[in-house]
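In: Compute the structure for the input listed below.
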Amino acid sequence: MNFFRSLIQLPKYGHFQYEKAFGQVGKNPAITAKRIIKVVGERLRQLDPQRWETTPITFKTTWRDERGFIDVATCIHIHDALEKEFGIDIKDRAFIVADIETAFYIVTLHHDSI
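Out: Residues are numbered from 1 along each chain as shown. I've put the predicted structure just below:
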């Protein structure tokens, strides 16, 4: 009777290790950051080559206008570039990607990133 009862009972706590089950994003944050910088740099240079061609893209790069406000049009293009590169769906109403650090957080937040 105890044997059948043990089959029905579920463990109280579960443990899920996403880094073993999914791609390299969780295992190699440095490579993930380099991929993000590369993708964002390519998209920024494609959008506005005059502004971004001579600007180095680093982990601290932000895309704001001259007054310090977020450039929403650029954020939309960056969302699209990140979604295509990593195969994720960024919730546009929840996140606005205004810098590389936010992009890194969003990509590593998704457990299904490739």
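
In: any idea how far the residue lying closest to residue 52 once chain neighbours are set aside is from residue 93?
Out: Spatial nearest neighbour of residue 52, chain neighbours left out: residue 44 (4.3 Å); criterion: Cβ to Cβ, 6 or more residues apart in numbering. The C-beta positions use only the backbone N, C-alpha and C, and glycine is treated the same way. Applying Cβ to Cβ, to the nearest Å, the value for residue 44 to residue 93 is 23 Å.

In: These two: which has the busier surroundings?
Out: Between residue 44 and residue 93, residue 44 has the larger neighbour count (other Cβ atoms under 10 Å), namely 21 against 6.

In: Return the set of buried residues in the strand or helix carrying that one.
Out: Assigned by DSSP states H and E, residue 44 belongs to helix 29-47. Under the neighbour-count criterion of 16 or more other Cβ atoms under 10 Å, helix 29-47 has 32, 33, 35, 36, 37, 39, 40, 41, 43, 44, 47 buried.

In: Using pLDDT, spot the least trustworthy of those residues.
Out: When the buried residues of helix 29-47 are compared by pLDDT, residue 32 scores lowest at 89.

In: Neighbours of the residue nearest to residue 61 when sequence neighbours are not counted, how many?
Out: Of all residues not flanking residue 61 in the chain, residue 100 sits nearest, at 5.1 Å (Cβ to Cβ, 6+ apart). When neighbours are defined as other Cβ under 10 Å, residue 100 has 21 of them.

In: again, but for the one 3 residues further on
Out: Using other Cβ under 10 Å as the criterion, residue 103 is surrounded by 27 other residues.

In: hmm, back to that, can you redo the buried residues of helix 29-47 as a markdown table, where the extra columns are distance to residue 70?
Out: A markdown table is the format used below for the buried residues of helix 29-47 (distance: Cβ to Cβ, whole Å):
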| residue | distance to residue 70 |
| --- | --- |
| 32 | 23 |
| 33 | 21 |
| 35 | 23 |
| 36 | 18 |
| 37 | 19 |
| 39 | 19 |
| 40 | 15 |
| 41 | 18 |
| 43 | 16 |
| 44 | 14 |
| 47 | 15 |
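
In: Okay then, goodbye and thanks.
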